[in-house]
Structure formats: C-alpha cells, structure tokens
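A.B. asks: what would the 3D arrangement of this be:
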Amino acid sequence: MGKSIVTIGGGIAGIEASGILAELGYAVSVIEKEPDFGGKLKNWDHLFPNMRKAEEIEDYLSRKGKTPGITLFPNTTIASFENIKSGFVLKSNHGVSYSAHAVIVATGFEVFSAERKEEYGYKIYDNVITSADLEKRLKSGTPLTTLAGKTPQRIAFIHCVGSRDAKVGNTYCSKVCCVTGVKQAIEVNKLLPATQIFNFYMDLRMHGLEHEEIYKTAQEKHNIQFIRGRLSEVSENIDHSLLIKAEDTLSGRPLKMNVDLVVLLVGMEPGVGTTAIGKACNIEFNQYGYLKIPDVHLAGNLTSRKGIFVAGSCSCPMSVKDTIEHARSAAFEVHRYLIEN
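C.D. replies: Got it, this is the predicted structure:
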C-alpha cells in the first residue's frame, strides 16, 4: 500500500491487528517493551469457555507475527511522539525513529496488585496467592501444595479483588474474574478431587454464551461450593493454615472458616505503559484511566486523536476472545482510514 503503521504493544491485540494489516500490504512496525511477544497469554494454561490450551493461541500469534510486512522490535519503548504532515514520527528509547501514517495503541492491561488489599494477606501469609500465581502453577505442572508441601484440604477462591472496590479506586467490573475463578476451581478439583473448594463472590457475572454452563458444571460435576459473601479479613493460624472472616450476605450472618490455601481473583487495571503512551500521544482517558473511545457503539477503536487507534484491553477489560475480535475491528478501522486519507 506504500503506507506504514506503528503498533505500540506486541501482545494479543497488537500482533493480531498488525498481522491483518500486513496481509493487506502495509508495512507494520510492532514496538514491544518486553523481550518476548504475546503479552500475558504466555502465563496462562487453559482458556475459558472450552478449556483449550493457551499454547494454541500462542502458536497462532507466533505465526501471525511472522507475516511478511511486519517488523518486530522487542525491548523497545517510545520516548517521543510527534505529529507531521503525513502522519507521525515516533522515536524509541534506542534513538530509532519510526514514521507512521497511522498508530495503533495496544498496550494491554496490568494485573491488580493484591498487596494493596493488605487485609487479605497477600505477600504477608505464605499460603495466600493470586489467580495469576495459580495459573502459572497450573501451566508449569507444579504440584498444588501449601508452602510446607502439604496437599490442601480446603481452598477458598475470593472474587472481585481489585474490582468493584471504591477503596482501591476501581469501581468497574473486570469482566473475566468470575469465570476465571470457576474455571480454575474446576481445574483444581480435577487435580485434587478430595479437596473442598469454596468460591466467595459478591454476585456472579458470567459474561459469555457458554459461561453459565461452566458455573453449573462446577457445582454439579465438581462439587464446588459457592458462598455469596464479602471477605473482610484473612489471618494466619499457628500451623500456617488460614482463617478467613466474611459476611454471608444471603443469611446476613458473619462466617469464619479455616482453609489451607486462599486464591485471590485479581482484576485488571490500566497499565503504566498505557498511561505513558496516552500522555505522549495526547489521547484522552476515561474516568477509570483507560484510553477513552469517542462512541462505545460506533467508534470502539477510535481515540480523540485522528490517526491513532486502540486495540484490546488498553480501552477496557477484555477476555482473550474479545481482545482478538477488538484487534480485528481495529485493523479494519485503520485500513479504512488509510484508504480515505
């Protein structure tokens, strides 16, 4: 096409959108701050709703990243951003300049830092982990034990950690935590069928066509117990087991339970890279700190700056499926823009 594109972010959205545009004949430079491409997908074992291996999507993206016309730049960040008559000039931390007729921002998200919820004991008590930690264990095949090496007899999953929580400044739903908790509970039950598993939730938001079926399967086939309760505190017993205190919001009564392992289902937040690029490009942010789109129904990939587009979870929390679809629509919007300009 004779026109060039810079994609900032080499995760799921960045690679998918760039691959499509390269197939259409554009020259695409993909800037990624990490040494590897694929984003956080490489830390996941299985994906909902069909429990497919995340490696299958990794392989797909790896092939996409090798599309002729794509040039990948790992270990690279954007140091400056300038408008020119034909588009934009971006300079990297290595002093390299990239000219672009259009820019895609695909900087993704950050996992909520569970240390900010001190009352839950993450990084204080050895047997409190996050859903991200658990997923890494599942992927590596590491036996799921307590720090002392014992098979846990009781595990509690805690929903909405860092989401729908005004105290930490995140009043929105991260969309994927509920189904992730159910998915992981099923996986743990398959590994440890004798272990009791409890899910403490505010209310279950099972976004997606097949997600409600996963929830039913968890109860009917895997004996996972769901308690509608808000966790108030985690403390450690002398034997390093954990005492959790919660309110059963259905009965209106306080609840105490001893468990061996607590899994905090952490939500999504705008990444530091998203904030930095948004400021550098002079893009507007929404009230939650994500990049603002001008029209949620009709302009989901546009930004407040002409020629700059968004793809993936830098604009709002998304599942892997939603991210791929959003990236594809971003590629279409960029293609249409470059044809018209």
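A.B. asks: what's the burial count for the closest residue to Gly108 other than its chain neighbours?
C.D. replies: Nearest residue to Gly108, sequence neighbours excluded (C-beta to C-beta, 6 or more residues apart in numbering): Gly11, at 4.8 Å. In short, each C-beta sits where N, CA and C put it, glycine included. When neighbours are defined as other C-beta atoms under 10 Å, Gly11 has 27 of them.
A.B. asks: could you measure Gly11 against Asp322, distance?
C.D. replies: Distance of Gly11 to Asp322, given as C-beta to C-beta, to the nearest Å: 13 Å.
A.B. asks: pull out the buried residues from stretch 300-314.
C.D. replies: Using 16 or more other C-beta atoms under 10 Å as the test for burial, stretch 300-314 gives 300-303, 305, 307-314.
A.B. asks: wait, which of these is closest to Lys123?
C.D. replies: Checking the buried residues of stretch 300-314 against Lys123 by C-beta to C-beta gives Ser313 as the nearest, at 24.8 Å.
A.B. asks: that closest one in helix, strand or coil?
C.D. replies: Under DSSP: H, G, I helix; E, B strand; the rest coil, Ser313 falls in the coil class.
A.B. asks: the chain should start at 18 in everything you say after this.
C.D. replies: Got it, the first residue is 18 from now on, which makes the last one we talked about Ser330.
A.B. asks: and the nearest residue to it once chain neighbours are set aside, what does it touch?
C.D. replies: Closest residue in space to Ser330, ignoring its immediate chain neighbours: Phe126 at 4.4 Å, by C-beta to C-beta, 6+ apart. Shown in contact with Phe126 (C-beta atoms under 8 Å, 6 or more residues apart in numbering): Lys57, Met285, Glu286, Pro287, Gly288, Thr291, Ser330, Cys331, Pro334.
A.B. asks: quick one: the third one is in a strand?
C.D. replies: Spelled out, it's Glu286. Yes. Assessed by three-state DSSP, Glu286 belongs to a strand.
A.B. asks: so which helix or strand takes in the closest residue to it other than its chain neighbours?
C.D. replies: Leaving aside its chain neighbours, Glu286 sits nearest to Glu127 (4.9 Å; criterion: C-beta to C-beta, 6+ apart). Using DSSP states H and E, Glu127 maps to strand 126-128.
A.B. asks: just checking, next helix/strand downstream of that strand?
C.D. replies: strand 145-147.
A.B. asks: what pairs with that following strand, parallel or antiparallel?
C.D. replies: Strand 145-147 has its sheet partners listed here by DSSP bridges as strand 278-283 (parallel).
A.B. asks: what's the mean pLDDT across the strand it pairs with?
C.D. replies: The average pLDDT within strand 278-283 is 98.
A.B. asks: stretch 186-203 now?
C.D. replies: On average, stretch 186-203 scores 95.
A.B. asks: buried ones in the longest helix seen in the chain?
C.D. replies: Scanning the chain for the helix with the most residues, using DSSP state H, yields helix 337-357. Of the residues in helix 337-357, 337, 339-341, 343-345, 347-348, 350-352, 354-355 count as buried by neighbour count, 16+ other C-beta under 10 Å.
A.B. asks: other SSEs contacting that helix?
C.D. replies: Counting contacts by 3 or more C-beta pairs under 8 Å, 6 or more residues apart in numbering; DSSP states H and E, helix 337-357 packs against helix 29-40, strand 119-122, strand 325-327.
A.B. asks: which among these is found nearest to Leu259?
C.D. replies: Among those, helix 29-40 sits nearest to Leu259 (C-beta to C-beta), with 34.3 Å.
A.B. asks: having no further points to raise, I will conclude here.
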